[in-house]
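J.: Output the structure for:
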Amino acid sequence: VQLQACGGGLVQAGGSLRLSCAASGRAFRNYGMGWFRQAPGKEREFVARINWSGARTYYAESVKGRFTISRDNAKNTVYLQMNSLKPEDTAVYYCAASSDYDRGVYDYWGQGTQVTVSS
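T.: Alright, predicted model coming up:
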């Protein structure tokens with residue numbers, strides 16, 4: 001599975017962005033999908049994940065209520081809608097594909113897209 005993330009950019013605090021991650025290769029619907037982020041000088045952290053059908057989602061506490069993960073299997077794409085953005089959301093965001101949603105094992109990673117939130 002090849003993953004291509006896009007949609008990052010510069011936004012003011014309180015603003016919104018929608019990230020997209022397009023998948024190609026093996027059947028997209030076979031995989032759970034996740035979003036992660038890595039801020040400068042920090043370790044990569046989990047943001048959100050969604051199972052193959054979209055029926056199950058899970059969020060990090062830091063983004064719960066502000067971010068929404070969704071997917072369109074017909075378009076082989078997963079989305080991350082980010083609202084009420086904060087400066088601490090600034091990071092490179094990565095999408096990943098998981099063959100084991102419940103265990104959170106990720107097999108494939110995209111290249112990342114930069115999100116910068118100004119105060």
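
J.: So which residue is dead centre in the chain?
T.: Central residue of the chain (C-alpha atoms, centre = their mean): Trp35, 2.7 Å from the mean position.

J.: How much space separates the residue lying closest to it once chain neighbours are set aside from Val115?
T.: Nearest residue to Trp35 in three dimensions, chain neighbours excluded: Val47, at 4.3 Å (C-beta to C-beta, 6 or more residues apart in numbering). Any C-beta I mention is one placed from the backbone N, CA and C, and that applies to glycine too. Using C-beta to C-beta, to the nearest Å, one obtains 11 Å as the distance from Val47 to Val115.

J.: and if you look at Ala96?
T.: For Ala96, the distance to Val115 equals 16 Å [C-beta to C-beta].

J.: With neighbour numbers in mind, choose between these two.
T.: Applying other C-beta atoms under 10 Å to Ala96 and Val115 shows that Ala96 carries more neighbours, namely 25 against 22.

J.: Next secondary structure element downstream of the helix or strand containing that one?
T.: For Ala96, the element it lies in under DSSP states H and E is strand 91-100. Note on strand 91-100: by DSSP H and E, the next helix or strand toward the C-terminus is strand 105-109.

J.: So which elements touch that following strand?
T.: The elements that strand 105-109 packs onto, with contact taken as 3 or more C-beta pairs under 8 Å, 6 or more residues apart in numbering; DSSP states H and E, are strand 2-6, strand 91-100.

J.: Ignoring the adjacent residues along the chain, who's closest to Val105?
T.: Ser98 (5.9 Å).

J.: cool, Gln81 as well?
T.: Thr68 (4.4 Å).

J.: is it true that the one you found touches Ser84?
T.: No - in this structure Thr68 lies outside contact range of Ser84 using C-beta atoms under 8 Å: 11.4 Å.

J.: need the contact list for the residue nearest to Val105.
T.: Applying C-beta atoms under 8 Å, 6 or more residues apart in numbering to Ser98 gives the contacts Tyr31, Gly32, Met33, Gly34, Arg49, Gly104, Val105, Tyr106, Asp107.
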